[in-house]
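# no sequence on hand, only this structure:
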């Protein structure tokens, strides 16, 4: 740290035994470091007569403020500027879509935002294909689960018919009983299998029909009320034009009503 000094330290430096170049530098800049001051104090012939605090009371620290305006600013490349603008746009888009919070939990696992749009995302096609892949995997899992459930049901019915035919009908004791029991088990299993397939096919058909109906539904929108907001000065009589149009419409409606009454 550098210090400003007064007449006491100046006299000390001039009377000290340090090199002349150091003296000239200190006196010319009018500042001194603590190491330079201590060296000058030690090399002064009468340094023992006055304490070091006597001279330090004549010193004031210098605090230099950092000024970055004087430094040369690095010129940003065109690619860097474009990248930063794109990142800012993406961040604003994500904040906006997070604020809306539509369908966030459903598509959060695949990195889709709230609305499900990819306006600023480069890999839009890859993300959409990833979503389609996930839906396909879910569909395959659902079908495999259904097949396993049907197989368990068919085997259970076949075993139940086999057990019932042996215990209740007494076919296990006859010579041809096992063949009849096997035939009955197969028939029962086939009937249950056909029933399961028919029910599952009907379920899939109903789902597809519901999807088609939902796609064909047309959304009807009606304007309930129109509010026109103008400034204090207004713009070219916009409000007056709208009022005149509304009056014309109302007058036409009244004329149509009067004509209907006259016809009746």
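Nice, I can see it. Just so you know, these numbers come straight off a predicted model, no measurement behind them.
# would residue 227 count as being in a helix?
No: according to DSSP: H, G, I helix; E, B strand; the rest coil, residue 227 belongs to no helix; its state is coil.
# which phi and psi does it have?
Main-chain dihedrals, residue 227, degrees, to the nearest 10: phi -120, psi 120.
# next, give phi and psi for residue 2.
Per degrees, to the nearest 10, the backbone of residue 2 is at phi -90, psi 150.
# that one bridge partners, please.
residue 33 (DSSP bridges).
# that one - how many residues pack around it?
17 (other Cβ atoms under 10 Å). (Each C-beta comes from the backbone N, C-alpha and C, glycine too.)
# what about residue 213, distance to residue 207?
11 Å (Cβ to Cβ, to the nearest Å).
# the closest residue to residue 155 other than its chain neighbours: which element?
Once flanking residues are discounted, residue 155 sits nearest to residue 189: 7.4 Å by Cβ to Cβ, 6 or more residues apart in numbering. Taking DSSP states H and E as the definition, residue 189 sits inside helix 177-216.
# list the buried residues for that helix?
For helix 177-216, burial by neighbour count (16 or more other Cβ atoms under 10 Å) applies to 181, 184-185, 188-189, 192-193, 196.
# including pLDDT and distance to residue 90, could these go into CSV?
Output for the buried residues of helix 177-216, formatted as CSV (pLDDT from 0 to 100; distance: Cβ to Cβ, whole Å):
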residue, pLDDT, distance to residue 90
181, 82, 70
184, 88, 68
185, 88, 64
188, 89, 62
189, 90, 58
192, 91, 56
193, 91, 54
196, 90, 50
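# closest one of these to residue 167?
residue 181 (10.6 Å; Cβ to Cβ).
# the closest one: what's it in contact with?
Listed by Cβ atoms under 8 Å, 6 or more residues apart in numbering, the contact partners of residue 181 are 161-162, 165-166, 171-172.
# what do you get if the cut-off is 7 Å, keeping everything else the same?
162, 165-166, 171 (Cβ atoms under 7 Å, 6 or more residues apart in numbering).
# contacts only, for residue 136.
Per Cβ under 7 Å, 6+ apart, neighbours of residue 136: none.
# what do you get for residue 9?
Contacts of residue 9 (Cβ under 7 Å, 6+ apart): 32, 37, 55, 58-59.
# scan those and report the most crowded one.
residue 32 leads these on contacts (other Cβ under 10 Å) with 25 neighbours.
# that residue reaches residue 26, doesn't it?
Yes: with contact defined as Cβ atoms under 7 Å, residue 32 and residue 26 form a contacting pair (5.1 Å).
# how far away is the residue nearest to residue 155 from residue 36?
Residue 189 is 105 Å from residue 36, by Cβ to Cβ.
# so which of the contacts of residue 9 sit within helices?
Secondary structure assignment by DSSP state H places 37, 55 of the contacts of residue 9 in helices.
# residue 12: which of the contacts of residue 9 is nearest?
residue 55 (5.7 Å).
# coming back round to it: got a PyMOL select line for the buried ones in the contacts of residue 181?
Selection of buried members from the contacts of residue 181 for PyMOL, criterion 16+ other Cβ under 10 Å:
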select buried, resi 162+165+171
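# helices and strands of this protein: which one bottoms out on pLDDT?
Of the helices and strands making up the chain, the lowest-confidence element is helix 104-107, at a mean of 47, by mean pLDDT, DSSP states H and E.
# tilt between the next helix or strand after that one and helix 177-216?
Beyond helix 104-107 on the C-terminal side, the first helix or strand identified by DSSP H and E is helix 124-167. Interaxial angle, helix 124-167 versus helix 177-216 (axes from the mean of the first three to the mean of the last three Cα atoms, to 10 degrees): 150 degrees.
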